[in-house]
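1. Below: sequence and its predicted model.
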Amino acid sequence: KAGVTQTPRYLIKTRGQQVTLSCSPISGHRSVSWYQQTPGQGLQFLFEYFSETQRNKGNFPGRFSGRQFSNSRSEMNVSTLELGDSALYLCASSSLAGGNTDTQYFGPGTRLTVL
Amino acid sequence: AQSVTQLGSHVSVSEGALVLLRCNYSSSVPPYLFWYVQYPNQGLQLLLKYTSAATLVKGINGFEAEFKKSETSFHLTKPSAHMSDAAEYFCAVNIIQGAQKLVFGQGTRLTINP
């Protein structure tokens, strides 16, 4: 089975721009979660989607948004980029067969640099 | 609120020595705990997870962890370190029933000395 894929792997943007990141989950997985990883704040939960609905959201401003499509692929969007948005953005998928004991499988991440 | 604390942001051991990475959790309900490893420029890979079936959990690459409720700990160990174990390790707890929202510790960078 193919793993979680994220595109693009690297992205450079300037302040004020917006960006869209894409995530394709493992085939059959319906839950997709997004995390932000920075040296200062570590790994922080952004949001989770299941069956095209956002089920949970972390403590991030409204500039961060996401969506999930009927094929479970997910995108996240960051508008009006700030320097502090520079981070590794990780996507994870899970099958949700067993609830919150399910394993989340992570993609390689998208490295976003904001100049 | 549920959280995890990893003691020691950096741990250095010699090749062949015991690896011990510490994780303590706080939780008002039975926790579901995970250890992930991250190699440079890669995503996270699951090492092992605790789901209440057994307190001693064996994972990949020779790692294991023991859930100790009395100590609220879930420390990760490996009897003999290998150079390939050099990476960053994260302890995490899934905090919402039926959902996928991991709360991570700050991570421990493991260095292996030859």
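-> Good, I have the coordinates.
2. Packing partners of the lowest-mean-pLDDT helix or strand in chain A?
-> The helix or strand of chain A with the poorest confidence is strand A:53-57; it has a mean of 89 (mean pLDDT, DSSP states H and E). Where contact means 3 or more C-beta pairs under 8 Å, 6 or more residues apart in numbering or on different chains; DSSP states H and E, strand A:53-57 is packed against strand A:42-50, strand A:64-68. Just so you know, the C-beta spots here come from the backbone N, C-alpha and C atoms, and that holds for glycine as well.
3. got those as a markdown table, with mean neighbour count and distance to B:V57 columns?
-> Converted to a markdown table, the helices and strands packed on strand A:53-57 look like this (neighbours: other C-beta atoms under 10 Å in any protein chain shown; distance: least, C-beta to C-beta, whole Å):
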| stretch | mean neighbour count | distance to B:V57 |
| --- | --- | --- |
| strand A:42-50 | 22 | 21 |
| strand A:64-68 | 19 | 31 |
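4. between these, which one is nearest to chain B?
-> Proximity of those to chain B was assessed by C-beta to the nearest C-beta; the nearest stretch is strand A:42-50, lying at 4.0 Å.
5. what about the closest one and chain B, any contact?
-> Yes. When contact is scored as C-beta under 8 Å from any C-beta of the partner chain, part of strand A:42-50 falls within range of chain B: A:G42, A:L43, A:Q44, A:F45, A:E48, A:F50.
6. per-residue confidence for the fourth one?
-> Yep, that's A:F45 we're talking about. With respect to pLDDT, A:F45 scores 94.
7. same thing with the last one?
-> Model confidence at A:F50, given as pLDDT, is 89.
8. Now do the same contact list for the residue nearest to it when sequence neighbours are not counted.
-> Setting aside the residues directly before and after it, A:F50 is nearest to A:S31 in space (C-beta to C-beta, 6 or more residues apart in numbering or on different chains), at 4.8 Å. Shown in contact with A:S31 (C-beta atoms under 8 Å, 6 or more residues apart in numbering or on different chains): A:P25, A:E48, A:Y49, A:F50, A:S93, A:S94, A:S95, A:L96, A:D102, B:Q100.
9. what do you get for B:N41?
-> Counting by C-beta under 8 Å, 6+ apart, B:N41 touches A:P108.
10. now the end-to-end length of stretch B:24-36.
-> Counting by C-alpha to C-alpha, to the nearest Å, the length from the leading to the trailing residue of stretch B:24-36 is 15 Å.
11. how about that stretch, does it get close to chain A?
-> Yes. If you take C-beta under 8 Å from any C-beta as the test, stretch B:24-36 does meet chain A, through B:Y32, B:F34, B:Y36.
12. now what about that stretch, what contacts it?
-> Contact partners of stretch B:24-36, identified using C-beta under 8 Å, 6+ apart, comprise A:100-101, A:103, A:106, B:1-5, B:7, B:21, B:23, B:44-52, B:59, B:63, B:65, B:67, B:71-74, B:76, B:89-95, B:102, B:104.
13. Show me what whichever strand or helix holds B:S12 packs onto, helices and strands only.
-> Secondary structure assignment for B:S12, by DSSP states H and E: strand B:10-14. Using 3+ C-beta pairs under 8 Å, 6+ apart as the contact criterion, the secondary-structure elements in contact with strand B:10-14 are strand B:19-26, strand B:108-113.
14. circling back: which among the contacts of A:S31 end up buried?
-> A:P25, A:E48, A:Y49, A:F50, A:S93, A:S94, A:L96, A:D102, B:Q100 (16 or more other C-beta atoms under 10 Å in any protein chain shown).
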